[in-house]
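[1] got a predicted structure here, sequence first:
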Amino acid sequence: MKNSLLIFTFMLFLTYGTAQKRDFKTIYDIEATEVLSQGVTGTCWSFSTSSFLESEIIRKTGKTIDLSEMYNVRHTYLAKAWNYVMRQGKAQFSQGGLAHDVINSIEAHGLVPNSVFTGLVNNETSYNHKKLEDTLKTILDTYLKAPKKYTGNWENDINDILDAKIGNDITTFNYQGKTYTPKAFLEYTKINPKDYITLTSFTHIPFNEWSILNIPDNFSNGLFYNVPLKTLVEITNEALKKGYTIELDCDVSEKSFSSKYGLAIIPEQENFEIPYIFKDIVPEKEINQEYRQQEFENFNTTDDHLMHITGMLKDQNGTIFYKVKNSWGKNSDRVNYGGYIYMSEAYFKLKTISIMVNKNAINKKFTKKRLNN
């Protein structure tokens with residue numbers, strides 16, 4: 001037993017002890033707004049997509065605008081409630097969502113700045129939607145159990161709860177001395193909802209076609225344009241090179257994803273040790289389309305979390321990493337990168353569910369006809 005322990009220790013030294021610490025060099029670093037915290041909510045989809053749109057506004061206008069994440073969340077709760085009722089409860093009703101839900105919301109209801117709609121009421125200073133989700137779902141389930149016996153109007157009841165817990169809907173507001181409606185403010189930002197498309201890469205749906213990706217949070221049946229994995233990476237890299245940021249939906253449940261160390265990698269060695277893989281450079285797996293598909297179909301890859309890619313780096317070995325803005329705040333226990341995650345290209349290839357990008361950033365080999373869903 002003692003000899004076995006010595007051998008194991010020696011193997012760890014060979015694997016990790018001689019490795020180098022990462023030294024990153026920035027390739028692209030696109031302007032983004034401050035890192036925020038989504039609190040105790042499942043609203044990463046709105047925080048990340050709002051951040052993505054804020055970078056788009058900077059790129060288009062040079063203006064830095066703090067958009068309201070909770071304005072989109074409020075309207076999406078209503079859309080989810082309608083979907084849940086019309087499907088007679090045989091659908092998911094939760095806090096989760098996807099990037100296209102924000103695009104759907106702003107197209108229908110416009111945008112507002114965070115200064116006029118924070119989504120915090122009664123002197124709250126942070127977000128917590130656990131009780132809100134339970135309350136909303138209780139109303140919906142009560143109605144579905146006996147619609148004819150339900151007193152009142154379930155839609156009005158849902159609205160009343162949202163008014164009380166997130167804030168009243170906004171029709172007009174003042175911003176920098178001018179009065180806007182949410183639709184007028186959307187025009188002011190120069191954001192065109194039709195500019196944004198979602199791309200994915202899986203073999204169970206046809207390549208170079210639009211398909212509905214059947215994942216739990218796609219309650220709105222959003223369409224995804226499916227491309228080979230190599231193309232997905234090329235589109236991402238070219239967009240960053242052109243100064244466009246990327247909205248990212250990916251799996252963050254892996255042990256090799258660490259918000260504490262600000263890194264996400266796919267170690268080549270199966271039985272890796274933590275925290276060594278984050279402190280030293282270790283070899284990563286080669287990721288191909290088949291392995292990616294396998295991990296998706298066996299549920300090792302799920303749509304856990306949405307974040308915002310704002311740049312690209314490489315370490316001293318030339319390995320590509322993406323600079324990914326998270327929405328878990330800048331807690332003091334985090335070792336590196338101020339709320340950002342440096343995600344290796346291998347992790348991106350394996351664990352990305354989808355990306356959202358401005359279609360104007362995509363190479364001309366993808367024709368407008370093919371990219372208009």
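    Thanks, I have it.

[2] ramachandran angles for Lys364?
    Note on Lys364: its backbone torsions stand at phi -60, psi -10 [degrees, to the nearest 10].

[3] one more: Leu67?
    Torsion angles at Leu67 (phi, psi; degrees, to the nearest 10) stand at phi -80, psi 150.

[4] tell me the contacts of it?
    Ser50, Leu53, Glu54, Leu111, Val112, Pro113, Asn114 (C-beta atoms under 8 Å, 6 or more residues apart in numbering). Placement of C-beta: from N, CA and C, glycine included.

[5] what's the closest of those residues to Lys90?
    Nearest to Lys90 among the contacts of Leu67: Ser50, at 30.4 Å, using C-beta to C-beta.

[6] how many residues are close by the closest one?
    For Ser50, the count of nearby residues is 29 (other C-beta atoms under 10 Å).

[7] repeat for Lys364
    6.

[8] and if you look at Ile320?
    16.

[9] which member of the contacts of Leu67 is positioned nearest Pro147?
    Using C-beta to C-beta, the contacts of Leu67 come closest to Pro147 at Val112, 33.8 Å.

[10] now Leu98: phi and psi?
    As for Leu98, its main-chain torsions (degrees, to the nearest 10) stand at phi -130, psi 170.

[11] and it, what's its pLDDT?
    What the model reports as pLDDT for Leu98 is 98.

[12] that one: neighbouring residues, count only.
    Neighbours of Leu98 (other C-beta under 10 Å): 27.

[13] and it, how far is that from Tyr77?
    14 Å (C-beta to C-beta, to the nearest Å).

[14] now swap in Thr301 and tell me
    Using C-beta to C-beta, we find Thr301 at a distance of 27 Å from Tyr77.

[15] which one's more surrounded, the two?
    Tyr77 (25 against 21).

[16] for the residue nearest the centre of the chain, which residues are in contact?
    The centroid of the chain falls nearest to Leu306 when counting by C-alpha atoms, centre = their mean (1.5 Å). Applying C-beta under 8 Å, 6+ apart, we find Leu306 in contact with Cys44, Trp45, Phe47, Ser48, Thr49, Leu98, Ala99, Glu247, Leu248, Asp249, Cys250.

[17] keep only those of those residues that are in strands.
    Secondary structure from DSSP state E places Glu247, Leu248, Asp249, Cys250 of these in strands.

[18] let me know the closest of those to Tyr28.
    Using C-beta to C-beta, Leu248 comes nearest to Tyr28 of those, at 15.1 Å.

[19] contact partners for the closest one?
    With C-beta under 8 Å, 6+ apart, Leu248 has these contacts: Ser48, Leu306, Met307, His308, Ile309, Val324, Thr352, Ile355.

[20] average pLDDT across the longest strand seen in the chain?
    In the chain, with assignment by DSSP E, the single longest strand is strand 305-314. Mean per-residue pLDDT for strand 305-314: 98.

[21] same check on stretch 201-213?
    Average pLDDT, stretch 201-213: 96.

[22] hmm, who's touching it?
    With C-beta under 8 Å, 6+ apart as the test, stretch 201-213 has contacts from 200, 218, 221-229, 231-232, 289-290, 292-293, 296-297, 352-354, 370, 373.

[23] what ranges of the protein fall below the confidence cut-off?
    1-19, 331-336, 366-370, 373 (pLDDT under 70).

[24] one step back: among the contacts of Leu67, who's most crowded?
    Most neighbours among the contacts of Leu67, by other C-beta under 10 Å: Ser50, with 29 neighbours.

[25] show me what contacts that one?
    Contacts of Ser50 (C-beta under 8 Å, 6+ apart): Leu67, Ser68, Glu69, Asn72, Val102.

[26] going by distance to Ala346, which of the contacts of Leu306 wins?
    Here the nearest of the contacts of Leu306 to Ala346, counting by C-beta to C-beta, is Cys250; it sits at 12.5 Å.

[27] report how many residues lie close to Gln95.
    For Gln95, the number of neighbouring residues by other C-beta under 10 Å comes to 22.

[28] not counting its neighbours along the chain, what's nearest it?
    Gly42 (3.1 Å; C-beta to C-beta, 6 or more residues apart in numbering).

[29] which secondary structure element contains that neighbour?
    Assigned by DSSP states H and E, Gly42 belongs to no helix or strand.

[30] thinking again about what came up before, so which of the contacts of Ser50 sit within helices?
    Glu69, Asn72, Val102 (DSSP state H).

[31] number of nearby residues for the last one?
    A count of neighbours around Val102, defined by other C-beta under 10 Å, yields 31.

[32] OK, contacts around it?
    Going by C-beta under 8 Å, 6+ apart, Val102 touches Trp45, Ser46, Thr49, Ser50, Leu53, Asn72, Thr76.
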